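Chemist: Turn this into a structure:
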Amino acid sequence: MKACVRGSFAALTLLLCAAMPVSAQITTGNVTGTVKDAQGGVVPGATVVLVSEARGTKLAPVTTNETGSYVVPNVTAGTYTVEVSMDGFKTSRRQGINVSGGDRVAVPALTLEVGGATETVNVTAEAALVQSQSAERSFAISAEQVDNLPINHRDFTSLAQLTPGVQAGGNSAGATRIGGAGQNNIMMDGISAMDTGNNGTMLALNIESIAEVKVLTQGYQAEFGRSSGLQITAVTKGGTNRFRGSAYDLITDSDWNTNRKLTELNGDPKPVSESKTYGYSIGGPVGKPGGNNKLFFFYSHEYRPSNQAINNGNPVRFRVPTALERAGDFSQTLDQNGALFNFIKDPQLTGACSATDQTACFRDGGVLGRIPSNRLYNTGVAILSRYPLPIARRPPARTTTTSSAAPAHRLSPASKISSSSPLCASTTSCRPSCGSPPSTPVSGSAC
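Modeler: Okay, here's the model as predicted:
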């Protein structure tokens, strides 16, 4: 039994250890290159160090192999300086090495010149860095772009729209797509931010806390699986060797907007909406700014009070029975087009009830469309009294408009209720259509 437990524990440990580099590969990158001497020969045994330009910290040094090549693994996203040193040679340095999560950056060959170790050669004119280790097509949005571009602060996934070929829209997470349909995959610091239940985004950090967003469009490696669409990977900020912060206030208010022409024609008030986005961030070293610090921090906070109009400010109209209809009088009922429709069939009569034949229509007191009071169902009438009375009525059918209905009741500045007809009740049977033609809108019946 103990042997089985030890075996299971060992297997679990191996599985976790094997899985850890996968996450690291997504949030960090690798830097590779070659070191040569002035005659073009490779230089084995040279020491290569990456120095963070934002923090001043140095990564663990690596040594070139027998072919003069080196690989610096697990490099956090940021901008670095490559320093190459060796006894008997001047120190060679190249600045501005940008590394994104999942990148495999190939630095052009650095040349060591004979001289003292205290002498330094700065390489400033070289070929651009290329992604030579994979066939992926990707685009990275840097922290400078995040800080300086006018972007939507509500969701970091909106940064993906800066990628060439990526369009806004679609049902994928982040509401972006490239080419045809495809589901996106979003990761935050190497951890999936996807809700596997609805394939939506579970985590929406504010943009001030994002250091970089990388978007892979195609040709990505096996660690970026799960979805056939965009692979969006975000890396959060971690503070620099100087204290830095930000504060912002974004406000939208309907008082600054004009009313829509359609809203004015319908006699509706201008929709009222207001939203605010307040936030701040601060980060820096735990120690003297600019000193030899090893620990850094970053904190951001954002909140969004809002007052949004119902249905985006479009009035919601419902049809409710008029006072006459509640009393069983449909003699003045209008259809959806504003035309008179008072043909209410009596279920106890045989025949038709239409514009051409009113044999079986209700006609109490000689008025077409009026139901006798003794034929009304008291429970149904009581239920109808629970509905509010309409406040607007469609004029007779001389013009056609599809945006308004017959009698309407306003529940709030952003909602309305309007009426549908006919509605009747019978003591012998319950007929939702009340004998109306199939094309006639009916709001319901009470039995």
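Chemist: For the stretch 51-200 of the chain, give me the ranges with low pLDDT.
Modeler: Counting by pLDDT under 70, the stretch 51-200 of the chain contains low-confidence residues at 116-136, 151-154, 167, 169-182.
Chemist: To what extent is Pro285 buried, counted in neighbours?
Modeler: Using other CB atoms under 10 Å, Pro285 has 22 other residues around it. Where you see a C-beta, it was placed from the backbone N, CA and C, and this is true even at glycine.
Chemist: neighbouring contacts of the longest strand seen in the chain?
Modeler: The residue-count maximum for a strand in the chain (DSSP state E) belongs to strand 274-285. Here strand 274-285 makes contact (CB atoms under 8 Å, 6 or more residues apart in numbering) with 55, 153-154, 206, 208-209, 237-254, 291, 293, 295-308.
Chemist: Which of these fall in strands?
Modeler: Among these, the ones falling in strands (DSSP E) are 244-253, 296-303, 306-307.
Chemist: Mind giving me the ChimeraX select for those, buried ones only?
Modeler: Those of these that count as buried under 16 or more other CB atoms under 10 Å are selected in ChimeraX with:
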select :244,296,298,300,302
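Chemist: Just the strands from the stretch 101-250 of the chain, written as ranges.
Modeler: 104-112, 120-123, 130-131, 137-141, 166-168, 176-178, 185-188, 191-192, 194-195, 200-201, 210-218, 231-236, 244-253 (DSSP state E, counting those that start in this stretch).
Chemist: Now distance to Val316 too, for these, in a markdown table please.
Modeler: What follows is the strands of the stretch 101-250 of the chain, written out as a markdown table (distance: least, CB to CB, whole Å):
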| stretch | distance to Val316 |
| --- | --- |
| strand 104-112 | 54 |
| strand 120-123 | 66 |
| strand 130-131 | 52 |
| strand 137-141 | 39 |
| strand 166-168 | 27 |
| strand 176-178 | 30 |
| strand 185-188 | 34 |
| strand 191-192 | 38 |
| strand 194-195 | 29 |
| strand 200-201 | 26 |
| strand 210-218 | 37 |
| strand 231-236 | 35 |
| strand 244-253 | 22 |
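Chemist: Who does Ser306 form a beta bridge with?
Modeler: On the basis of DSSP bridges, Ser306 is bridged to Ser275.
Chemist: and the gap between the nearest residue to Leu112 once chain neighbours are set aside and Val31?
Modeler: For Leu112, ignoring the flanking residues on the chain, the nearest one in space by CB to CB, 6 or more residues apart in numbering is Phe89 at 4.0 Å. Separation of Phe89 from Val31 (CB to CB, to the nearest Å): 20 Å.
Chemist: what about Asn30, how many neighbours?
Modeler: Neighbour tally, Asn30, other CB under 10 Å: 17.
Chemist: How about the contacts made by it?
Modeler: 71-75, 103-105, 133.
Chemist: What is the most widely separated pair among these?
Modeler: With CB to CB as the measure, no two of these lie farther apart than Asn74 and Gln133, at 14.8 Å.
Chemist: Test my guess that Asn185 contacts Ile232.
Modeler: Yes. Between Asn185 and Ile232 a contact is recorded at 7.0 Å, counting by CB atoms under 8 Å.
Chemist: neighbour count winner among those two?
Modeler: Remark: of Asn185 and Ile232, Ile232 carries more neighbours, 27 against 24, as counted by other CB under 10 Å.
Chemist: how close does that one sit to Asn184?
Modeler: Using CB to CB, we find Ile232 at a distance of 6 Å from Asn184.
Chemist: Distance check, the closest residue in space to Met187 that isn't next to it in sequence against Asp103.
Modeler: Take Met187 and drop its neighbours on the chain: the residue closest to it by CB to CB, 6+ apart is Thr233, 4.8 Å away. The spacing between Thr233 and Asp103, counted by CB to CB, is 11 Å.
Chemist: What count of nearby residues applies to the closest residue to Phe139 other than its chain neighbours?
Modeler: The shortest distance from Phe139 to any non-neighbouring residue, by CB to CB, 6+ apart, is to Thr163 (4.2 Å). For Thr163, the count of nearby residues is 22 (other CB under 10 Å).
Chemist: and Thr163, what is it in contact with?
Modeler: Contacts for Thr163 (CB under 8 Å, 6+ apart) come out as 139, 141, 178, 215, 217, 230.
Chemist: Look up the closest residue to the fourth one, ignoring the ones flanking it.
Modeler: Think Val215. For Val215, ignoring the flanking residues on the chain, the nearest one in space by CB to CB, 6+ apart is Thr163 at 4.4 Å.
Chemist: care to break the protein down by domain?
Modeler: 19-131, 137-236, 244-313, 315-447 (automatic domain parsing).
Chemist: Just the terminal-to-terminal distance for the second one.
Modeler: In domain 137-236, first residue to last residue: 22 Å (CA to CA, to the nearest Å).
Chemist: Read off the pLDDT value for Val42.
Modeler: Per-residue pLDDT puts Val42 at 90.
Chemist: I'd like the distance between the nearest residue to it once chain neighbours are set aside and Pro44.
Modeler: The spatial neighbour of Val42 that comes closest, neighbours along the chain excluded (CB to CB, 6+ apart), is Gly68 at 2.9 Å. Distance, Gly68 to Pro44, using CB to CB: 6 Å.
Chemist: When the two are compared, which one has more neighbours?
Modeler: Applying other CB under 10 Å to Gly68 and Pro44 shows that Gly68 carries more neighbours, namely 20 against 15.
Chemist: can you tell me how far the more buried one sits from Ala109?
Modeler: Per CB to CB, Gly68 is found 8 Å from Ala109.
Chemist: Which neighbours do these two have in common?
Modeler: Joint contacts of Gly68 and Ala109 (CB under 8 Å, 6+ apart) are 34-36.
Chemist: Count the residues that sit near Lys288.
Modeler: Neighbour count for Lys288, taken as other CB under 10 Å: 9.
Chemist: Who does Thr233 form a beta bridge with?
Modeler: Counting by DSSP bridges, Thr233 forms beta bridges with Met187, Lys214.
Chemist: For it, give me its contacts.
Modeler: 26-27, 101-102, 186-187, 190, 213-216, 224.
Chemist: and with 7 Å instead?
Modeler: Taking CB atoms under 7 Å, 6 or more residues apart in numbering, we find Thr233 in contact with 26, 101-102, 187, 214.
Chemist: ok, these vs Tyr377, which is closest?
Modeler: Using CB to CB, the contacts of Thr233 come closest to Tyr377 at Met187, 61.3 Å.
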